[in-house]
Every structure is written in C-alpha cells, then in structure tokens.
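Q: Sequence and predicted structure below; questions after.
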Amino acid sequence: MTYEFFPSPAQATEAYPTLLVNAARCWNDARIACAPVQPRLALFLSQYGGAILAPVLDSLMRCYEVALGRPLAVGADHDLSADETMLVGLITGTAQRRACLHCPEQAGMTLDCALCSARIMLALDQGRAMACAAPEELPSRLH
C-alpha cells in the first residue's frame, strides 16, 4: 500500500518551491566543493528556521540524482533548470514521478519515499513556523 502526503495548494505554491530550489542549489554547491553537505544545508536553512530539514532534503537530492542517473543540473538566478522544475513538480504533486522520470523501479520507489518524507517534514516545518507567527502574520483563513 502506498501512502502519499501532499501539502495544501497554498503551502505548495508559496513556500515550498523557493525553499526547495534554493536548498537544491546549496546542496549542489556543497557537492561540487566536496564539502559536507548537511552542515551547509543546515546553515542555509537556519536562516528560515528550518535547519532540521537538512537531512531529509539531503536524502531527497541524493535519491533524485540516483533516479536521474546523473548529477542534478541547477539553474542560475531566477532561471530554473529542467531538473529543478521537475523536482518542484514532484514535491508539490503537480508532476507524477512515473510520468516524467523514467528510471529503474527500485530507484523510483526510493525517490517516492524520499518525496513523501520531504513533503511531511516541509509541512511540519511550515506548521511550526505558522504556529510561532503572531496572529496578525497568519493568513486570514487561519484566524
């Protein structure tokens, strides 16, 4: 049986893509520099109060590269690479792995688990951040 967790449309379209793309670029930079990835990710994510996401995003990026069968290609500035666009689609649920990424079944199943874990942790982190916000900072639907 497969369990899938998808963030609400508001969460998926607002916070996740930006955080995910920036984390992917940070992860990629650390890999290229042969630097420890998780400490770099944790440092980057701590700016947003999300250092706890470093292990799950590291795992997601590693599984994504295995499924791709090659290193992750990242964009620059506001230009997303095809890999970043697909990753955002996979995490938000607007793209289905079986439809857009053809990889060995084991690599695909592992990526599916990593995506689900990342969705859960991103939603938990988003909920924690919202719980810490002052009531006037919360979206009106949460008052």
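A: The structure has been received and is ready for your questions.
Q: helix or strand right after the helix or strand of the chain with the lowest mean pLDDT?
A: Each helix and strand of the chain was given a mean pLDDT (mean pLDDT, DSSP states H and E); the minimum falls on helix 9-14 at a mean of 45. For helix 9-14, the following helix or strand on the C-terminal side (DSSP states H and E) is helix 16-32.
Q: Of all the residues in the helix or strand following that following helix, which ones are buried?
A: Next along the chain after helix 16-32, taking DSSP H and E as the criterion, comes helix 37-46. Buried residues in helix 37-46, counted by 16 or more other Cβ atoms under 10 Å: 37, 40, 41, 42, 44, 45. Heads up, the C-betas are built off the backbone N, CA and C, glycines and all.
Q: low-scoring stretches of the protein, by residue?
A: 1-15, 127-143 (pLDDT under 70).
Q: So in the protein, which helix runs the longest?
A: helix 105-132 (DSSP state H).
Q: now for that helix, which elements pack on it?
A: Using 3 or more Cβ pairs under 8 Å, 6 or more residues apart in numbering; DSSP states H and E, the elements in contact with helix 105-132 are helix 9-14, helix 16-32, helix 54-68, helix 82-92, helix 97-100.
Q: Which residues belonging to that helix are considered buried?
A: 107-108, 110-112, 114-119, 121-123, 125-126.
Q: orientation of it relative to helix 54-68 in degrees?
A: On the basis of axes from the mean of the first three to the mean of the last three Cα atoms, to 10 degrees, helix 105-132 is oriented at 150 degrees to helix 54-68.
Q: who's in contact with residue 16?
A: 7, 88, 91, 92, 122 (Cβ atoms under 8 Å, 6 or more residues apart in numbering).
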